[in-house]
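Visitor: only geometry, no sequence info:
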């Protein structure tokens with residue numbers, strides 16, 4: 001579901017496999033098989049394991065710190081099981097399993113091709129009542145901030161009407177500072193985020209009204225933030241995401 005590099009000059013390619021594995025390939029046309037850089041299959045929700053019928057769960061995002069060459073820090077986005085209990089299932093229906101989106105920080109081990117599997121620090125979590133519309137892309141902008149995409153967290157047609165809600169992390173492009181965390185926290189909210197101090201709005205919000213912003217890309221020349229957003233019935237969208245903008249879901253598609 002993603003392919004990237006560490007920006008460390010090694011030329012290695014890292015491939016993200018949705019069931020929970022990050023593979024690393026050396027810069028070698030003769031390579032026969034990849035090395036497992038990190039495996040988190042036991043941590044994630046999976047359509048094959050504990051949330052059948054929802055093929056959008058899993059390991060969804062990977063971003064290397066801009067100074068990865070020196071600090072060995074990288075970040076992941078995956079869906080894991082929630083501690084919340086779902087309402088009782090209707091008679092004859094399987095019990096629903098609730099999930100959550102998890103953004104974590106990790107470090108590489110002494111072996112550059114192996115992550116330290118015990119180094120995980122969870123930055124934040126967001127409840128995901130359904131197994132689709134999870135967003136899942138994470139990238140560093142030219143400003144050094146980490147951008148995180150989150151879908152509306154519903155199964156279809158904005159079931160829970162979260163697209164325009166500002167008190168949730170859902171249906172948004174989020175922006176956080178991982179290098180200067182607030183005291184006792186794992187990150188801070190940049191002071192130039194557009195909704196700082198606005199009552200009832202999650203301050204991490206950079207833009208909102210996104211149905212399922214599945215992939216995010218940062219233009220290497222301009223630093224513009226581009227998002228591929230899954231549409232409902234007729235249209236898919238590519239947005240150049242701007243600070244504070246509302247992209248309309250689910251008032252309109």
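Guide: Good, I have the coordinates. Not measured: the values here are computed from a predicted model.

Visitor: is it true that residue 68 touches residue 10?
Guide: No - Residue 68 is beyond contact range of residue 10, at 10.0 Å (criterion: C-beta atoms under 8 Å). For glycine as for every other residue, the C-beta is placed from the backbone atoms N, C-alpha and C.

Visitor: who's more crowded, these two?
Guide: residue 68 (18 against 14; other C-beta atoms under 10 Å).

Visitor: residues touching residue 144, list them.
Guide: Residues near residue 144 by C-beta atoms under 8 Å, 6 or more residues apart in numbering: 66, 177, 179.

Visitor: Actually, residue 134.
Guide: Residue 134 sits next to 56-57, 60, 79, 101, 128, 150-151, 153, 212 when contact means C-beta under 8 Å, 6+ apart.

Visitor: which one of these sits closest to residue 184?
Guide: Using C-beta to C-beta, the shortest approach to residue 184 within the contacts of residue 134 belongs to residue 101, at 22.0 Å.

Visitor: separation between the closest residue to the closest one other than its chain neighbours and residue 168?
Guide: Nearest in space to residue 101, with sequence neighbours left out and distances taken as C-beta to C-beta, 6 or more residues apart in numbering, is residue 126 at 4.6 Å. The gap separating residue 126 from residue 168 is 8 Å, by C-beta to C-beta, to the nearest Å.

Visitor: Need the overlap of contacts for those two.
Guide: residue 153.

Visitor: So which of these two has more stuff around it?
Guide: Taking other C-beta under 10 Å, residue 126 and residue 168 do not tie; residue 126 has more neighbours (23 against 19).

Visitor: Backbone dihedrals for the more buried one, both of them.
Guide: Main-chain dihedrals, residue 126, degrees, to the nearest 10: phi -140, psi 130.

Visitor: Correct me if wrong: it contacts residue 172.
Guide: No - Residue 126 lies out of contact with residue 172 (C-beta under 8 Å); the separation is 9.7 Å.

Visitor: okay, and the common contacts of those two?
Guide: Looking at what touches both residue 126 and residue 172 (by C-beta under 8 Å, 6+ apart), the common residues are residue 150.

Visitor: Extract the residue ranges of the protein that are flagged as low pLDDT.
Guide: Within the chain, the segments meeting pLDDT under 70 span 47-53, 95.

Visitor: ranges for the helices of it?
Guide: For the chain, the helices defined by DSSP state H cover 68-71.

Visitor: Nearest to the spatial middle of it, which residue is it?
Guide: The residue lying closest to the centre of the chain (C-alpha atoms, centre = their mean) is residue 136, at 3.0 Å.

Visitor: So what does that residue look like in phi/psi?
Guide: As for residue 136, its main-chain torsions (degrees, to the nearest 10) stand at phi 110, psi 0.

Visitor: residues in contact with it?
Guide: 1, 56, 60-61, 77, 79, 101, 149, 151, 214.
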